[in-house]
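A.B. asks: sequence plus the predicted model coming up.
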Amino acid sequence: MALLDITSLRVELPGTARPVLDGVSLTVAAGEVVALVGESGSGKSVTARAALGLFPPRARITGDVRVDGTSLVGGSAADLSAVRSGKASMIFQDPRAGINPVRRIGDFLTESLRLSEGWSKGRAEARAAELLTAVGMPDPPRHLRQYPHELSGGMLQRVMIAGALAAEPALLLCDEPTTALDVTTQAEILAVLGRLQRERGLGMLLITHDIDLAAATSDRIYVMYAGRIVETATAAELFAAPRHPYTRGLLESTPTLDGPLVRLTPVPGVPLGLLESTPGCAFMPRCRHATAGLCDQGPPPLETYGTGAATAACWRAHEPLHTQEAER
Amino acid sequence: MTNSDAVTGRTRLRRLRLLGGTPLVRISAVILVLFVLAAAFGPWLAPQDPTFGDLDNTLVGPSAAHWLGTDQGGHDTFSALIEGTRTSLVGPLAVVLSSTAAGIAVGLFSAWCGGWVDAAVSRVLDILFAFPSLLLAILAVALFGKGITAPVLAMAVAYMPYTARLVRGLTVQEKTRPYIAAYQVQGHSPVFTAVQRLLPNIGPTVLAQSTVNFGYALLDLAALSFLGLGVQPPTPDWGAMINQAQAAILQGQPLSAIAPATAVVVVVVAFNVVGEHLGDRLAGRES
Amino acid sequence: MSAGPGRVRAIARAALRRIAGMAATLLVTSFLVFSSLYLAPGDPVSFLIRGRSPNPAELVTLRHRYGLEKPFPVRYWNWLDGVLHGDFGQSYLFHQSVAAVIWSRLPSTLLLVGVSTLMIAVVGVGAGVVGALRHGTRTDSTVLLLVTLGAAVPSFVAAILLRSVLGVRLGWFPTIGNGTGTLDRLHHIVLPAIALSVTFMALVTRVTRSAMLDELRREHVEVALSRGLPRRTVVRRHVFRNALGPVVTVSGLLVSGMLVSTAIVETAFGMSGIGSLLVQSVDELDFQVVQAIVLLVVAAFVVVNTLVDLLYPLIDPRVAAAGSAR
């Protein structure tokens, strides 16, 4: 049984032209690191939050989300609470926004232990100090007494990670954990996350817009666009042979240090907003391989190509790569 | 109605549609216009002379002759209400006009000069904030006697800091915008730049706040008259009417108090609604 | 405390600076109140006496403090010296010292303001919280409607409505006077306290609701929920707790408004207190009482707001870090 199992999840908001999530299916096995890559507006954050049963207000939800067997769609409050306080935790993007500025760090770390689990203050603080050490903070007793504004962004993100680990989850959801940090700190935080994941055998879902980051850290990658999964593959497969034009576009538009200097080609156009919809493939307006009469007939299904387990959602994915290359 | 009245009526309707907003906003705007008309044409619109006390008909309820009844002195409530509109609205108008003008001048000056002048002015304004407007009005009456001239001036002083602070804040922001630098580079004098170019940009926000301030000034002056310290009889005034009607309340005929009280509340709500709507529209426009 | 003695010293220094600022502000406002006398037409001492005949000793004091023969700073100093020793002059209406008159009427007003403050805190904050938590429903619309109305109902309108409906027509509450004995006094104070509270309640509700709505949107609320804490706990510990800041700030600003409104409410309900004393003194040309009351109201505002500033870091620790920057 997968640790996280999202099946055909569809999330619709009132007053929008297309669903926020349109039949998303995703799995994360215990101990596996899975990345979910997409631009802002693709629905990746909503997907991550779905794993905790945190849906947008007034949303209409069909499909299923299961964490360690417990269903979160239409689940009882007890189910939600059990998952959130023991099975899965999330690390949010901006630690300054995610930690209450008027309460101390110690309060942030011990709150759920004291109030939900009924631990004593002493026991909870001891555990909090352990966690701070685990994430590499130099002086836990002092940090417990400090307020968020006294710490740098990098240190706060470590605190956020420590807080996520307090409940000893099996699944860790990371929503762009390094986007709000500078590059050096990013590397540090990723190192901390990587070490903790290995040490504790955590299943991890990494949400990011940075496809290189995904490739460097993850076992498998899902690529998301306009609320749909458009490609899945292992990191190696994705980089060697991306099948979906959007994935190719993402790869072509990120600069690399090795290899010859090529002109970067950004993906033209803008992502599909919630008030827009297309009859066929959502990426069609921006795709250079778009073919009228084929790509507008309906959303393409995710299908397996080649010998591996890689899948892509493109009406033209079965064509050999060289014919598509010719269309540049 | 004369021809020009009909024309102004149509122009007003067109402007109402341009104002936009919910039905509540439109109703409020209409109510305000009606009261302004009552203020302007009061004496001609009132069916009777409110200063005439018909002692045969005291504490009468609503009737054909007296639409809202009479008070304990036999004065017609409806006529008093209509004629009282003028005094009740003119006072706040004077307060708002003078405090806004003074506030704009002080705020512009302070923000434009910057440095220690700005700091000093800010400290002075902080101190003025400690003086509630009604208190200053009462002090003015203690010094100069009853009436509304002195209180109006005192209240203008009390309201000025709010406008000044708003204008100062806005000016400090606008000053950094490139178009101001452009005017200065072209050699325009600071006064010209400030008054002719900057002011129109911050004007609407100030207008929105002043509209709301009108309501507060009205409440304060009515309170003053209620205490017997403001408008003196026989001049009709809503606050004074409420005060004079207290005896009527105890005798079970509260209409001569409730009518002016309702007028006060309705006008203040209308000003708040319109003022907030203006504020919202401007905020929407700027975002 | 975090980060040791350095931080404590910094906080103490900021507090002292703030208190020094308060003393300076009190000095300036007292100066303004003192000087206002000279705006009145004519000779100040005759203005103060107006139609009365004080004893010679009293006349000397008046000349000492207000007489034009002495230079301005000396006059002010003499007056200030008296004030700091509790001597605000003589009330000609009551034939007592101003201080004694005010002191005797103070408890009644304090009770009124105290009960009103309690109502404002409970109902005002409560309605704001309810409105914010039920945002978008009819409950919230009702709260907003009540706020709009409440903001437009001044205390004298509330007073006459309450008197005529609950007092005269239904006879549930007395309409005049302070009452005698604890229970009777409380019975007498209900209507005046409501009348006094209405406008301020509306303001507090609006600010509370707005602050709560802002805080509900913050990401740390979502983070707390994601850790499995029940919604009620999160609202209490993270939404309400964070919304306190603006509420406390606005409460400090209400103080002088409430004190001045006691003039209206006490007059309307025939109660004896500082507010009705103020009106009486204006009517009876007893200026030294007026001056003393104005001074006290303004001083109360300055002191209360300084206290709010000093205690604010307890509510929002980020402010202490910024120092006393105002």
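C.D. replies: Structure received. Residues are numbered from 1 along each chain as shown, chains lettered A, B, ... in the order given.
A.B. asks: before we move on, what SS does the residue most central in space within chain C have?
C.D. replies: Nearest to the geometric centre of chain C sits C:V255, at 1.8 Å (Cα atoms, centre = their mean). With DSSP: H, G, I helix; E, B strand; the rest coil as the basis, C:V255 sits in helix.
A.B. asks: hmm, it is touching C:F301, no?
C.D. replies: Yes - assessed by Cβ atoms under 8 Å, C:V255 is found in contact with C:F301 at 5.4 Å. (Each C-beta comes from the backbone N, C-alpha and C, glycine too.)
A.B. asks: separation between the residue nearest to the centre of chain C and C:V308?
C.D. replies: C:V255 sits 9 Å away from C:V308, taking Cβ to Cβ, to the nearest Å as the criterion.
A.B. asks: show me where the chain dips below the pLDDT cut-off.
C.D. replies: Since no chain was named, I'll use chain A. A:258-259, A:306-307, A:320-328 (pLDDT under 70).
A.B. asks: you answered for a different chain; I wanted chain B.
C.D. replies: Flagging of chain B using pLDDT under 70 yields the residue ranges B:1-20, B:57, B:283-287.
A.B. asks: and the helices in chain B?
C.D. replies: B:3-19, B:23-45, B:77-113, B:115-129, B:133-144, B:149-175, B:178-185, B:190-192, B:199-226, B:238-244, B:246-250, B:255-286 (DSSP state H).
A.B. asks: who's in contact with the closest residue in space to B:G103 that isn't next to it in sequence?
C.D. replies: Once flanking residues are discounted, B:G103 sits nearest to B:T163: 2.6 Å by Cβ to Cβ, 6 or more residues apart in numbering or on different chains. By Cβ atoms under 8 Å, 6 or more residues apart in numbering or on different chains, B:T163 lies in contact with B:99-100, B:102-104, B:107, B:206, B:209-210, B:213.
A.B. asks: go again using 6 Å as the cut-off
C.D. replies: Shown in contact with B:T163 (Cβ atoms under 6 Å, 6 or more residues apart in numbering or on different chains): B:99-100, B:103.
A.B. asks: now it: how far from B:L199?
C.D. replies: Using Cβ to Cβ, we find B:T163 at a distance of 13 Å from B:L199.
A.B. asks: and what of B:V273?
C.D. replies: Distance from B:V273 to B:L199, by Cβ to Cβ: 26 Å.
A.B. asks: between the two, which one's more packed in?
C.D. replies: B:V273 (25 against 17; other Cβ atoms under 10 Å in any protein chain shown).
A.B. asks: you'd agree that one is up against B:I27?
C.D. replies: No - using Cβ atoms under 6 Å, B:V273 is not in contact with B:I27; the gap is 8.5 Å.
A.B. asks: so which strand or helix has A:L172?
C.D. replies: A:L172 is located in strand A:171-175, with elements delineated by DSSP states H and E.
A.B. asks: what's the first helix or strand after that strand?
C.D. replies: Moving toward the C-terminus from strand A:171-175, the first helix or strand encountered (DSSP H and E) is helix A:183-200.
A.B. asks: now that following helix: buried residues?
C.D. replies: For helix A:183-200, a neighbour-count test (16 or more other Cβ atoms under 10 Å in any protein chain shown) marks A:185-186, A:188-190, A:192-193, A:196-197 as buried.
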